[in-house]
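Novice: Quick check, what structure comes out for this input:
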Amino acid sequence: MNNFNAKAVKDDIVKWIREFFEQNGKGCSAVVGISGGKDSSVVAALCVEALGKDRVFGVLMPNGEQVDIDASYSLVKHLGIDYCVVNIHEAIRSLKHEIKPQLGDHWSMQTSINLPARIRMATLYAVSQTIGGRVANTCNLSEDWVGYATRYGDGAGDFSPLSKLTVTEVKAIGRELGLPEELIEKVPTDGLCGHTDEDNLGFTYAVLDRYIRTGEIDDMHTKERIDTMHEKNLFKLDLMPSFEYTNHAETIVLDDKQTGYGVVSEYVKKYWEHHCTEDVIVSIEISRDGKNYECLNEVASPYNMYDVEYLNDWWEGEKYIKVTGIQSISDMKIKKL
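Specialist: The predicted structure follows:
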C-alpha cells in the first residue's frame with residue numbers, strides 16, 4: 001500500500017467518470033448522497049473535477065436530528081455545488097408504523113439499521129429522475145469486502161468510483177483533491193446507537209486494508225472473522241440470480257403434403273402482419289428423428305408481395321421443425337414468438 005499513487009489514481013477516476021457520462025448520461029448531473037464523511041466527500045469532489053460543479057448535485061438526508069450534519073453543509077459549501085435537504089425520518093416512521101403491527105410486532109435491529117439506507121437510496125433516485133441525473137455509489141472496497149453496506153441501499157447506484165479502493169486509499173485521494181482534513185478523517189458511525197464502524201466490525205480499517213492488499217495480518221482470530229464476513233456477504237456484490245429461460249417452442253410435425261419452407265413461411269408472414277415487411281433472420285431448429293436438432297439462422301425476404309423467399313436452401317426433408325425466433329435485420333432485435 002505504500003506505493004499507492006494517489007494522483008495517478010485520482011486522474012484515472014476522473015477520466016473514467018467523464019467517459020461514463022459521455023456514454024451513459026451525456027449532459028446529465030451526478031447525484032451524490034452527502035453524509036459529510038470521507039466517501040461521499042471524495043466521490044462528490046471527484047465528480048466536480050470530472051464534470052464541473054454545475055453538474056454535481058448533493059442530497060443531504062438526515063434522519064430527524066443529525067448531530068453531525070454540519071459536516072455535510074461544510075462539504076457542499078467547500079465544493080460550491082447545489083443541494084437539497086430531505087429529512088427521511090417521517091418516511092421511516094410511517095413504514096415502521098405500517099409494517100410492525102402486521103408482522104406480529106416483529107422488528108429486528110438489523111431492519112432498523114438497513115431501512116434508512118434503503119430509504120436514502122430511493123430518495124436519491126427520486127431526485128435523480130427529477131433532475132435528469134445519475135446516482136453515484138459511494139461504497140469503498142473495504143466496506144464491500146466485509147459486507148458493511150446495505151444491499152439496494154448504499155450498495156446501489158449507477159456508477160461506483162471507489163468500489164475498487166480501500167479506505168486508506170480513499171483517504172489518500174481525498175487529500176490529493178484538497179478536501180478538508182476533518183472530512184477525510186471524520187469517524188463514521190452507524191447512525192443508530194453511536195457505535196463507530198470499527199466498533200461494529202471488531203477490527204480497524206487499517207488492519208483490513210493491509211490484509212486486502214497484501215494478505216498479511218497479525219491476529220489469526222481477526223483473519224478468521226474477516227474471511228467469514230467476506231464469504232457470507234459475497235452475494236451482495238453479485239447480480240441478482242435469474243432463472244435461465246429455455247425456449248420451449250412448439251414442435252411442428254410435418255405431414256406428407258407439407259414442406260419446411262411452407263410451414264416456416266407462415267410464421268414469417270404472421271410476423272410481417274405486425275411489423276415492417278422486410279428482410280428477417282428466422283431462427284429454426286430442424287430434426288429428422290425429433291430428438292437431435294440442428295440450429296439454423298436463415299434469411300427470409302418478401303417476394304411478390306405475398307410470398308417468402310429464402311437466401312439458402314435449408315430444408316432437406318426434415319420432419320420436425322421449431323421456429324424459435326424472428327429477427328428483423330434492420331433493428332437486430334429478437335422478436336420472441
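
Novice: Okay, domains of the chain per the record?
Specialist: Annotated domains of the chain cover 6-237, 252-335 [automatic domain parsing].

Novice: With only the CA atoms kept, save the strand or helix carrying Glu224 in PDB.
Specialist: Using DSSP states H and E, Glu224 sits within helix 220-233. What follows is helix 220-233 as a C-alpha-only set of coordinates in PDB (Å, rounded to 0.1, in the frame of the first residue of the first chain):
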ATOM      1  CA  MET A 220      -5.400 -15.100  13.300                       C
ATOM      2  CA  HIS A 221      -8.800 -14.600  15.100                       C
ATOM      3  CA  THR A 222      -9.200 -11.300  13.200                       C
ATOM      4  CA  LYS A 223      -8.300 -13.100   9.900                       C
ATOM      5  CA  GLU A 224     -10.900 -15.700  10.500                       C
ATOM      6  CA  ARG A 225     -13.500 -13.100  11.300                       C
ATOM      7  CA  ILE A 226     -12.700 -11.100   8.100                       C
ATOM      8  CA  ASP A 227     -12.700 -14.200   6.000                       C
ATOM      9  CA  THR A 228     -16.100 -15.300   7.400                       C
ATOM     10  CA  MET A 229     -17.700 -11.900   6.800                       C
ATOM     11  CA  HIS A 230     -16.300 -11.800   3.300                       C
ATOM     12  CA  GLU A 231     -17.600 -15.200   2.300                       C
ATOM     13  CA  LYS A 232     -21.000 -14.600   3.900                       C
ATOM     14  CA  ASN A 233     -21.500 -11.300   2.100                       C
END
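
Novice: May I have the phi/psi pair for Val146?
Specialist: Main-chain torsions, Val146, degrees, to the nearest 10: phi -110, psi 10.

Novice: repeat for Lys257
Specialist: Note on Lys257: backbone dihedrals following degrees, to the nearest 10 are phi -90, psi -10.

Novice: Next one, pLDDT for it please.
Specialist: You'll see Lys257 listed with a pLDDT of 93.

Novice: What about it, how many residues nearby?
Specialist: Residue neighbour count, defined by other Cβ atoms under 10 Å, stands at 6 for Lys257. Any C-beta I mention is one placed from the backbone N, CA and C, and that applies to glycine too.

Novice: Next, work out how far apart it and Val263 are.
Specialist: According to Cβ to Cβ, to the nearest Å, Lys257 and Val263 sit 11 Å apart.

Novice: got it, and Gln327?
Specialist: Look at Gln327 and Val263: by Cβ to Cβ, they are 18 Å apart.

Novice: higher neighbour count, these two?
Specialist: More crowded of Gln327 and Val263, by other Cβ under 10 Å: Gln327, with 19 against 16.

Novice: Reduced to three states, what does the nearest residue to the more buried one once chain neighbours are set aside come out as?
Specialist: The spatial neighbour of Gln327 that comes closest, neighbours along the chain excluded (Cβ to Cβ, 6 or more residues apart in numbering), is Ile281 at 4.3 Å. Assigned with DSSP: H, G, I helix; E, B strand; the rest coil, Ile281 falls in the strand class.

Novice: Below-threshold pLDDT in the stretch 151-300 of the chain: ranges please.
Specialist: Applying pLDDT under 70 to the stretch 151-300 of the chain flags residues 190-194, 244-247.
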